[in-house]
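Asks: Structure here, sequence nowhere to be found:
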């Protein structure tokens, strides 16, 4: 396990305060000790690769861990190649709400923002 002790501004992956608050709320509702947020990518989607986020409690030695105001976020080293500089945000609203990824490495994204090509 690799622990990242940098300030959020220096971290490779960024999570906005609104996303941190929503993720903390969701984790609290799970009522399961030791949960963290895993951010990654999978092959597929309309642009080639898709973002994914899930709660997890099984850390890997191949993870990089980030701390955002007590929220633990883990990204495996393979996904970091594609997610460096990415910001995860949360917007509430009836249309277009939810978690959104802003990835400076993406050469093309789909209309819904859930998949990309590097």
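Replies: Great, that's in hand. None of the values given here were measured: they were computed from a predicted structure.

Asks: need the contact list for the nearest residue to residue 53 once chain neighbours are set aside.
Replies: In this structure, residue 53 finds its nearest non-sequential neighbour in residue 39, 5.3 Å apart by C-beta to C-beta, 6 or more residues apart in numbering. For the C-beta atoms, the positions are set from N, CA and C on the backbone; glycine is no exception. Shown in contact with residue 39 (C-beta atoms under 8 Å, 6 or more residues apart in numbering): 13, 51-53, 73-75, 79, 83, 88.

Asks: ok, residue 39 to residue 30 distance?
Replies: 17 Å (C-beta to C-beta, to the nearest Å).

Asks: what's the answer for residue 86, then?
Replies: Using C-beta to C-beta, we find residue 86 at a distance of 24 Å from residue 30.

Asks: for residue 64, same thing?
Replies: 23 Å.

Asks: Please say which of these two ends up with more neighbours.
Replies: For residue 64 versus residue 30, neighbours defined as other C-beta atoms under 10 Å are more numerous around residue 64 (19 against 10).

Asks: what does the model give that one for pLDDT?
Replies: In this model, residue 64 is scored at 94, pLDDT.

Asks: name the element it belongs to?
Replies: strand 63-68 (DSSP states H and E).

Asks: chain center to that strand, what's the gap?
Replies: Offset of strand 63-68 from its chain centre (C-alpha atoms, centre = their mean, to the nearest Å): 10 Å.

Asks: Same question for it: list its buried residues.
Replies: Neighbour counts over strand 63-68 (16 or more other C-beta atoms under 10 Å) mark 63-64, 66-68 as buried.

Asks: can you list those residues in a markdown table and add distance to residue 19?
Replies: Output for the buried residues of strand 63-68, formatted as a markdown table (distance: C-beta to C-beta, whole Å):
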| residue | distance to residue 19 |
| --- | --- |
| 63 | 19 |
| 64 | 18 |
| 66 | 12 |
| 67 | 14 |
| 68 | 8 |
